[in-house]
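Chemist: Here is a sequence with its predicted model. Questions after.
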Amino acid sequence: MKKILLLLVLSLFSFSACEKDDVCDANTSTTPRLVIQFYDITNTMVLKNLTNLKVIGEGMSEGIVFNGNGNMVSIPLKTTQNTTSYSFILNYGSVSYSNEDKITFNYTRENLFVSRACGFKTIFSLDATNPYSHTDAIISDLLWIKDIRVEKNNIDTENETHVKIYF
Amino acid sequence: MFLVQAQPLPNKIPSKNIQNEGIIPDAPKQVSQKIVEEKKMDSLPSKTNRYGLRVGIDLYKLTRVLYDSNYKGIEFVGDYRLTKKYYLAAEIGNENKTTDDERLNFTTKGSYLKVGFDYNGYENWLNMENIIAVGLRYGASTFSQELNSYKIYNANRYFGEVPVLVSGEKFNGLSASWIEVVAGVKAKVINNVYLGFSLRLNRLVSNHKPNNFDNLYIPGFNRTYNGDFGVGVNYTITYFIPLYKKKVSPKK
């Protein structure tokens, strides 16, 4: 009888899954950012590198992206409002060539439970009829972004491109 | 199964030979053990075992209510002596606990029932009636959860930390069941009053989770975020109601 119980206790523990659950694991899929890729307007299948792009949220003093070249940015959306506006400044730092466009993204939000350690995450769904509005900055300098296409309305992971920008 | 094995068969039969003849077909191993035990007891005076019902309350939960403002709970315990070593045992309780975590604050309310047996491995001297037992329980709980508030996890705090969101969403009709291994002691302090302590290891068997939330705490099981495992303790005071006695007659 005692042996049976001992065996039971052991078998109970052998199934133990050791989960470190106090800290939200960085690999856990939490609130995703909006992933934007930049393409060439003259050849829409080809990615195009940017020079000195600065992306800055409305009302923020510091930009998210500001460095050399690249053709992709990931920007966070506000989890407390259904719109987020960003200024996309091309050739930032250059007096003569810098150009600023503003894009406002419109979306709905849903809060999903992740885990005890991570709490909840927000996933977004870009508005089907009016996903974004694209305007020039206060200082009118023509639009450098020629076209914006929404690839994925549902933003629930960062592993895919949600929006393509052509210039 | 357990009951059959544990019947103190040899007690009524005086002759060793007859015992063996009568019992071998059922459980030969048990019989040989009994004989050895009885040989040891040869020199002891005759004693009686008292059989009856023991009922009581968990003092751990009772005192926790006093110092933990997020907790209300009560547990009644009981056991009934079936044979010399086996006790039918049960716990029934109700809990109302608010868990305040870094990212979540939720309240769990519900009742539970655990039923199983205890095996007393302690050989008492004379008229002592202490218990050092191992046991098994099957536990089941029905409960509800209310998510009071939560935080959104955002790895990119560009727009600053998101404030705590008040929810108030209620998840009803939840349930879970589990197996519990118990190790415990009960010591007689005065006449029919016992103080007991037990340690419990639980493993979930079923867990009916709500949509868009999790059963992070289950009444009777305890918190669930160590995989499917839980641990528990109780600290009991019980009263034994004797119903009848059985004489343990020493051999010859």
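Modeler: The structure has been received and is ready for your questions.

Chemist: Strands of chain A, start to end?
Modeler: A:34-39, A:50-57, A:65-70, A:72-75, A:83-90, A:99-115, A:119-126, A:132-136, A:147-150, A:154-155, A:163-166 (DSSP state E).

Chemist: now for the last one, which elements pack on it?
Modeler: Going back to what we said before, that points to strand A:163-166. With contacts defined as 3 or more Cβ pairs under 8 Å, 6 or more residues apart in numbering or on different chains; DSSP states H and E, strand A:163-166 has these neighbours: strand A:34-39, strand A:147-150. All C-beta atoms are positioned from the backbone trio N, CA, C, and that covers glycine.

Chemist: need the contact list for the nearest residue to residue A:77 once chain neighbours are set aside.
Modeler: Distance criterion Cβ to Cβ, 6 or more residues apart in numbering or on different chains; nearest residue to residue A:77, sequence neighbours excluded, is residue A:84 at 4.6 Å. Taking Cβ atoms under 8 Å, 6 or more residues apart in numbering or on different chains, we find residue A:84 in contact with A:57, A:58, A:75, A:76, A:77, A:78, A:104, A:105, A:107.

Chemist: Derive a ChimeraX selection command for the buried subset of those residues.
Modeler: One line in ChimeraX is enough to select the buried ones among the contacts of residue A:84; burial here means 16 or more other Cβ atoms under 10 Å in any protein chain shown:
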select /A:57,75,76,77,78,105,107
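
Chemist: ok, the contacts of residue A:84 vs residue B:133, which is closest?
Modeler: Within those, proximity to residue B:133 (Cβ to Cβ) peaks at residue A:76, which comes in at 57.1 Å.

Chemist: And that closest one, how far from residue A:140?
Modeler: 28 Å (Cβ to Cβ, to the nearest Å).

Chemist: with the contacts of residue A:84 in mind, which one is nearest to chain B?
Modeler: Checking the contacts of residue A:84 against chain B by Cβ to the nearest Cβ gives residue A:76 as the nearest, at 4.3 Å.

Chemist: That closest one reaches residue A:33, doesn't it?
Modeler: Yes. With contact defined as Cβ atoms under 8 Å, residue A:76 counts as touching residue A:33 (5.0 Å).

Chemist: and for these two, which residues touch both?
Modeler: What both residue A:76 and residue A:33 touch, as defined by Cβ under 8 Å, 6+ apart, is the set residue B:156.

Chemist: Now for whatever residue of chain A ends up closest to chain B: which residues touch it?
Modeler: The minimum distance from chain A to chain B, using Cβ to the nearest Cβ, falls at residue A:119 (3.0 Å). For residue A:119, the contact set (Cβ under 8 Å, 6+ apart) comprises A:24, A:113, B:102, B:103, B:104, B:150, B:151, B:152, B:153.

Chemist: If anything else comes up later, I'll come back, but that's it for now.
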